[in-house]
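Asks: I'll drop the sequence and a predicted model, then ask my questions.
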Amino acid sequence: MKDLADSVESVEQLAAAWRGMVLDRDPDADVRDLPGIAVRWADSRFAFWNCVTLTEVGADAELLEQRLGQVADIMRAKRQPGFLWLFEDLLADDARTALDAAAGRAGLRHAFPGTGMAGDLLPLDEPGHPDLTFARVSTDDQLLAYADLNSRAYGFPLEAGRDGLAGSTLWKNDVYAYLALRDGVPVACAASVEAAGRLFVALVATDPDWQRRGYGEAVTRKALHEGGRATGLTRATLHATAAGAPVYLRIGFRPNSTVHFYGLEG
């Protein structure tokens, strides 16, 4: 039987890190821990801050059907759209087989795939790239540049990313958020933050005009290097898109559970 420890860690890291992120955006955000479901929902125009995930290990097809119906009801009650992050490895075999059909019956559509990843890889050496300098986000203008890079990379309107990050004191003080600058212009960004004894990597993005040059890897290494140096933590976690996973493999992360992102139909 597959060892699920890393997959359990992955969903627990999401719940821990996202709780702080959404409460930073809205002190009244929905951060309920329900039976089998963790809600981390800021009702922000930045869809990544609107999150629900399933937390049980070994849920069978019948329980999965019940949970997906509950998740869809939670999402329909919100003003802004968001995602169910579903960690496939936590499901029983019959639930994995039934997943697509059960999601459809609940009114959920598959948006994109991802992968949970982790590694005992800290400390990392000081990184560098011949094209880049790095700046830690500490001003409102830098934070807006960070937000805009995420919006462009993930295809969101600029106002969506700004709604997620603008004015945050958490991101300017407690998150190790870095911009990669080419000739003084922000071209990539990455952040790390302490979460339940791990260094959690979040919101890595590269401007679409500057991809495939190693910028995302370089700035991720910078965020890990500085976060690890400041906290003394040795283990790091993240959730990768399909495009980002090869970058993180080169850094030293190893995959655990496939993550399915679902939104509401329509």
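Replies: Arrived safely.
Asks: okay, CA-based contacts and neighbour counts for the rest of this
Replies: Will do.
Asks: measure Ala240 to Gly36 for me?
Replies: Using C-alpha to C-alpha, to the nearest Å, one gets 23 Å for the distance from Ala240 to Gly36.
Asks: The two: who's more crowded?
Replies: Shown here are Ala240 and Gly36; by other C-alpha atoms under 10 Å, Ala240 has more neighbours (23 against 14).
Asks: May I have the residues that are in contact with that one?
Replies: Counting by C-alpha atoms under 8 Å, 6 or more residues apart in numbering, Ala240 makes contact with 114-117, 248.
Asks: Over to Gly232?
Replies: Residues in contact with Gly232 (C-alpha under 8 Å, 6+ apart) are Pro123.
Asks: And it, how far from Ala177?
Replies: Counting by C-alpha to C-alpha, the gap from Gly232 to Ala177 is 17 Å.
Asks: picking that back up, just the buried ones out of the contacts of Ala240, please.
Replies: Buried by 16 or more other C-alpha atoms under 10 Å: 114-117, 248, out of the contacts of Ala240.
Asks: now, among those, which is nearest to Arg212?
Replies: Arg212 has its nearest neighbour among the buried ones among the contacts of Ala240 in Tyr248, at 13.8 Å by C-alpha to C-alpha.
Asks: what's the neighbour count on Ala101?
Replies: Look at Ala101: counted by other C-alpha under 10 Å, it has 11 neighbours.
Asks: Is it located within a helix, as I assumed?
Replies: Yes - counting by DSSP: H, G, I helix; E, B strand; the rest coil, Ala101 is found in a helix.
Asks: and Asp131, how many neighbours?
Replies: Neighbours around Asp131, by other C-alpha under 10 Å: 12.
Asks: again with Ala177
Replies: Neighbours of Ala177 under the rule other C-alpha under 10 Å: 31.
Asks: That one and Asp3: what is the separation?
Replies: Distance of Ala177 to Asp3, given as C-alpha to C-alpha: 32 Å.
Asks: repeat for Gly232
Replies: Look at Gly232 and Asp3: by C-alpha to C-alpha, they are 27 Å apart.
Asks: what does Arg109 give?
Replies: Applying C-alpha to C-alpha, the value for Arg109 to Asp3 is 29 Å.
Asks: higher neighbour count, those two?
Replies: Under the criterion of other C-alpha under 10 Å, the comparison of Arg109 against Asp3 puts Arg109 first, with 18 against 9.
Asks: any idea which helix or strand carries the more buried one?
Replies: Using DSSP states H and E, the element containing Arg109 is strand 108-119.
Asks: average pLDDT for stretch 23-35?
Replies: The predicted model assigns stretch 23-35 a mean pLDDT of 98.
Asks: buried residues in that stretch?
Replies: Within stretch 23-35, the residues scored as buried using 16+ other C-alpha under 10 Å are 23-25, 29-31.
Asks: Take those residues and keep only those in helices.
Replies: Among the buried residues of stretch 23-35, the members found in helices (DSSP state H) are 23-25.
Asks: What does Ala196 show for phi and psi?
Replies: Phi and psi for Ala196, reported as degrees, to the nearest 10, are phi 50, psi 50.
Asks: Check the one 4 residues further on too.
Replies: Phi and psi for Phe200, reported as degrees, to the nearest 10, are phi -100, psi 130.
Asks: now the strands for this structure?
Replies: Using DSSP state E, the strands of the chain run over 33-34, 37-41, 50-54, 83-87, 108-119, 133-136, 176-182, 185-195, 198-206, 236-241, 254-264.
Asks: and the angle for the second one with strand 50-54?
Replies: This points to strand 37-41. 170 degrees (axes from the mean of the first three to the mean of the last three C-alpha atoms, to 10 degrees).
Asks: contact partners of strand 37-41?
Replies: Applying C-alpha under 8 Å, 6+ apart, the contact partners of strand 37-41 are 15, 18-19, 22, 29-33, 49-56, 67, 71.
Asks: Quick check: buried residues in that strand?
Replies: Along strand 37-41, these residues count as buried under the neighbour rule (16+ other C-alpha under 10 Å): 37-41.
Asks: Just give me the neighbour total for the spatially closest residue to Ala195 that is not a sequence neighbour.
Replies: By the measure of C-alpha to C-alpha, 6 or more residues apart in numbering, the closest residue to Ala195 outside its immediate chain neighbours is Ala17, 5.4 Å from it. For Ala17, the count of nearby residues is 20 (other C-alpha under 10 Å).
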